[in-house]
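**Student:** Let's see this in three dimensions:
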Amino acid sequence: MKKVVTACVILITAFLSKKATAQNASSAVLNIVLHPVQTIEVGGSDNSVNLEYKTREDYSQGVSLNKENHLKIYSTGGFIVNVRTSAQNLTSTATSKSIDAGDITVTAATGTSNGMESFTSSPVHLSGSDTAFITSLQGAAHKTFDVTYAAKGDNKFINHYTKTQNPTVYTTQVVYSILPQ
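**Tutor:** Predicted coordinates:
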């Protein structure tokens, strides 16, 4: 019986001493969990891009239009901006003729307001498939890009005008998307 009482006293003492030291400190794990966030906006109140052929020189030399701060990017880390058209051809409600989207080229440049300096881009002939347009290994907080739209000359569209729609308008949607890199 003496052994049982001694064993109980030892166990109770060990339990109380362990409990007393366990209450002196405790810890928590702090994690900062970063998820990728990419947003892209086509800037400005007017998202229309009108490449207008008004003169003989326009038809022979082509036309272009620079849209300042056209794209605004937010990305937590490197990113790729792809560009495509909603259809391979621009179509008109006035005629069965169409214009190949590949006849239009887009080019990116540093935006005029909060423009991004560190990126790569090459001119892209539009198509119905995603094509890498802008790439950066760095993140971007509301950085802007100018985009120049240019359409062919060489009288490529000389026979696309129709008198039933003056002026004759061919349309497609240009779609920009952003992915983490």
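**Student:** Show the subsequent helix or strand relative to the one helix or strand in the chain whose mean pLDDT sits lowest.
**Tutor:** Scoring the helices and strands of the chain by mean pLDDT, DSSP states H and E places helix 2-22 at the bottom, with a mean of 55. Per DSSP states H and E, the first helix or strand lying C-terminal to helix 2-22 is strand 38-42.
**Student:** What lies in contact with the helix or strand just after that following strand?
**Tutor:** As assigned by DSSP H and E, the chain's next helix or strand after strand 38-42 is helix 56-61. Under the contact criterion Cβ atoms under 8 Å, 6 or more residues apart in numbering, helix 56-61 has outside partners Glu52, Tyr53, Gly153, Asp154, Asn155, Phe157, Ile158. All C-beta spots, glycine's among them, are computed from the backbone N, C-alpha and C.
**Student:** How about stretch 119-138?
**Tutor:** The contact list for stretch 119-138, computed with Cβ under 8 Å, 6+ apart, reads 71, 73, 75, 77-88, 101-109, 116, 118, 145, 174, 176-177, 181.
**Student:** Can you turn the buried part of these into a ChimeraX selection?
**Tutor:** Here is the ChimeraX command that selects the buried residues among the contacts of stretch 119-138 (16 or more other Cβ atoms under 10 Å):
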select :71,73,75,78,79,80,81,82,83,84,85,101,103,104,105,106,107,108,116,145,174,176
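**Student:** Can you tell me the closest non-neighbouring residue to Thr76?
**Tutor:** Spatial nearest neighbour of Thr76, chain neighbours left out: Val37 (4.8 Å); criterion: Cβ to Cβ, 6 or more residues apart in numbering.
**Student:** Take the contacts of stretch 119-138 and keep only those in helices.
**Tutor:** Among these, no residue falls in helices (DSSP state H).
**Student:** want to throw the contacts of helix 56-61 into JSON lines with neighbour count?
**Tutor:** Putting these into JSON lines (neighbours: other Cβ atoms under 10 Å) gives the following:
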{"residue": "Glu52", "neighbour count": "11"}
{"residue": "Tyr53", "neighbour count": "21"}
{"residue": "Gly153", "neighbour count": "15"}
{"residue": "Asp154", "neighbour count": "10"}
{"residue": "Asn155", "neighbour count": "13"}
{"residue": "Phe157", "neighbour count": "21"}
{"residue": "Ile158", "neighbour count": "11"}
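**Student:** Okay then, goodbye and thanks.
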